[in-house]
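Enquirer: okay, here's the prediction I keep looking at, along with the sequence it came from:
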Amino acid sequence: ALSLAHAQLAKVFWSKFIIEYGVGGQNPIFIIGGYSVWFFATVAVLLCMDLLECFLHALRLHWVEFQNKFYNGDGIKFKPFELPISAEEFRASDD
(Lines give C-alpha, C1' and ligand atoms only; values in the text may rest on other atoms or scores of the structure.)
Protein backbone atom coordinates (compact mmCIF):
# COMPACT_ATOMS: atom_id res chain seq x y z
CA ALA A 1 0.00 0.00 0.00
CA LEU A 2 2.82 2.40 0.80
CA SER A 3 4.54 1.66 -2.51
CA LEU A 4 1.36 2.69 -4.27
CA ALA A 5 1.21 5.84 -2.15
CA HIS A 6 4.85 6.59 -3.07
CA ALA A 7 4.04 6.41 -6.76
CA GLN A 8 0.91 8.53 -6.47
CA LEU A 9 2.59 11.19 -4.33
CA ALA A 10 5.54 11.39 -6.73
CA LYS A 11 3.08 11.83 -9.61
CA VAL A 12 1.20 14.59 -7.76
CA PHE A 13 4.42 16.38 -6.82
CA TRP A 14 5.65 16.11 -10.42
CA SER A 15 2.46 17.56 -11.85
CA LYS A 16 2.28 20.40 -9.31
CA PHE A 17 5.91 21.49 -8.99
CA ILE A 18 7.27 20.70 -12.45
CA ILE A 19 4.38 20.91 -14.89
CA GLU A 20 2.45 23.81 -13.35
CA TYR A 21 5.23 25.93 -11.84
CA GLY A 22 8.52 24.81 -13.37
CA VAL A 23 8.34 24.03 -17.08
CA GLY A 24 5.16 26.00 -17.73
CA GLY A 25 6.85 29.28 -16.85
CA GLN A 26 9.72 28.93 -19.37
CA ASN A 27 11.92 30.81 -16.90
CA PRO A 28 15.16 29.01 -15.93
CA ILE A 29 14.89 30.16 -12.33
CA PHE A 30 11.38 28.71 -12.03
CA ILE A 31 12.47 25.48 -13.73
CA ILE A 32 15.42 25.00 -11.35
CA GLY A 33 13.27 26.03 -8.40
CA GLY A 34 10.51 23.64 -9.44
CA TYR A 35 12.91 20.72 -9.78
CA SER A 36 14.50 21.57 -6.44
CA VAL A 37 11.18 21.77 -4.61
CA TRP A 38 10.00 18.56 -6.28
CA PHE A 39 13.19 16.72 -5.33
CA PHE A 40 13.23 17.80 -1.70
CA ALA A 41 9.48 17.30 -1.19
CA THR A 42 9.59 13.85 -2.76
CA VAL A 43 12.62 12.76 -0.75
CA ALA A 44 11.20 14.15 2.51
CA VAL A 45 7.81 12.48 2.07
CA LEU A 46 9.32 9.18 0.95
CA LEU A 47 11.76 9.15 3.86
CA CYS A 48 8.99 9.86 6.35
CA MET A 49 6.78 7.17 4.85
CA ASP A 50 9.62 4.64 4.78
CA LEU A 51 10.47 5.37 8.39
CA LEU A 52 6.84 4.93 9.34
CA GLU A 53 6.68 1.69 7.38
CA CYS A 54 9.78 0.31 9.14
CA PHE A 55 8.47 1.34 12.57
CA LEU A 56 5.05 -0.22 11.99
CA HIS A 57 6.59 -3.45 10.68
CA ALA A 58 8.88 -3.75 13.71
CA LEU A 59 5.98 -2.97 16.03
CA ARG A 60 3.86 -5.64 14.36
CA LEU A 61 6.65 -8.19 14.65
CA HIS A 62 7.12 -7.46 18.33
CA TRP A 63 3.44 -7.46 19.16
CA VAL A 64 2.13 -10.33 17.05
CA GLU A 65 5.07 -12.70 16.69
CA PHE A 66 6.91 -12.21 19.98
CA GLN A 67 3.94 -11.91 22.30
CA ASN A 68 2.20 -15.03 20.96
CA LYS A 69 5.25 -17.28 21.21
CA PHE A 70 6.77 -16.39 24.55
CA TYR A 71 4.18 -14.57 26.64
CA ASN A 72 2.32 -16.85 29.06
CA GLY A 73 0.32 -14.35 31.07
CA ASP A 74 0.60 -16.37 34.28
CA GLY A 75 1.40 -13.43 36.53
CA ILE A 76 -0.71 -11.63 39.10
CA LYS A 77 -4.14 -10.54 37.94
CA PHE A 78 -4.46 -6.76 37.61
CA LYS A 79 -6.45 -5.17 40.40
CA PRO A 80 -7.07 -1.43 39.99
CA PHE A 81 -6.26 0.91 42.86
CA GLU A 82 -9.25 1.64 44.98
CA LEU A 83 -9.62 3.97 47.95
CA PRO A 84 -11.32 2.50 51.04
CA ILE A 85 -13.83 5.38 51.13
CA SER A 86 -15.14 7.72 48.46
CA ALA A 87 -14.31 11.43 48.26
CA GLU A 88 -17.84 12.35 49.39
CA GLU A 89 -17.57 10.15 52.48
CA PHE A 90 -14.16 11.65 53.27
CA ARG A 91 -15.53 15.20 53.03
CA ALA A 92 -18.52 14.29 55.19
CA SER A 93 -16.25 12.86 57.89
CA ASP A 94 -14.29 16.17 58.11
CA ASP A 95 -17.43 18.13 59.07
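Expert: Ah, there it is.
Enquirer: would you map the helices across the chain?
Expert: In the chain, the helices defined using DSSP state H lie at 2-13, 28-60, 67-70, 87-94.
Enquirer: how far does the longest one sit from its chain's centre?
Expert: Here the centre of mass of C-alpha atoms in helix 28-60, compared against the chain's by Cα atoms, centre = their mean, to the nearest Å, lies 14 Å away.
Enquirer: for stretch 59-67, measure first residue to last.
Expert: Start and end residues of stretch 59-67 are separated by 11 Å (Cα to Cα, to the nearest Å).
Enquirer: and that stretch, which residues are buried?
Expert: Buried residues in stretch 59-67, defined by neighbour count with 16 or more other Cβ atoms under 10 Å: none. For the C-beta atoms, the positions are set from N, CA and C on the backbone; glycine is no exception.
Enquirer: tell me the mean pLDDT over it?
Expert: For stretch 59-67, mean pLDDT is 83.
Enquirer: where does the prediction get shaky in the protein?
Expert: 1-3, 21-25, 94-95 (pLDDT under 70).
Enquirer: mind putting the helices of the chain in TSV, distance to residue 20 included?
Expert: Below are the helices of the chain laid out as TSV (distance: least, Cβ to Cβ, whole Å):
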stretch	distance to residue 20
helix 2-13	11
helix 28-60	8
helix 67-70	49
helix 87-94	62
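Enquirer: quick one, which of those gets closest to residue 19.
Expert: Closest to residue 19 of the helices of the chain is helix 28-60 (Cβ to Cβ; 8.7 Å).
Enquirer: helices or strands up against the closest one?
Expert: If you count contacts as 3 or more Cβ pairs under 8 Å, 6 or more residues apart in numbering; DSSP states H and E, helix 28-60 packs onto helix 2-13.
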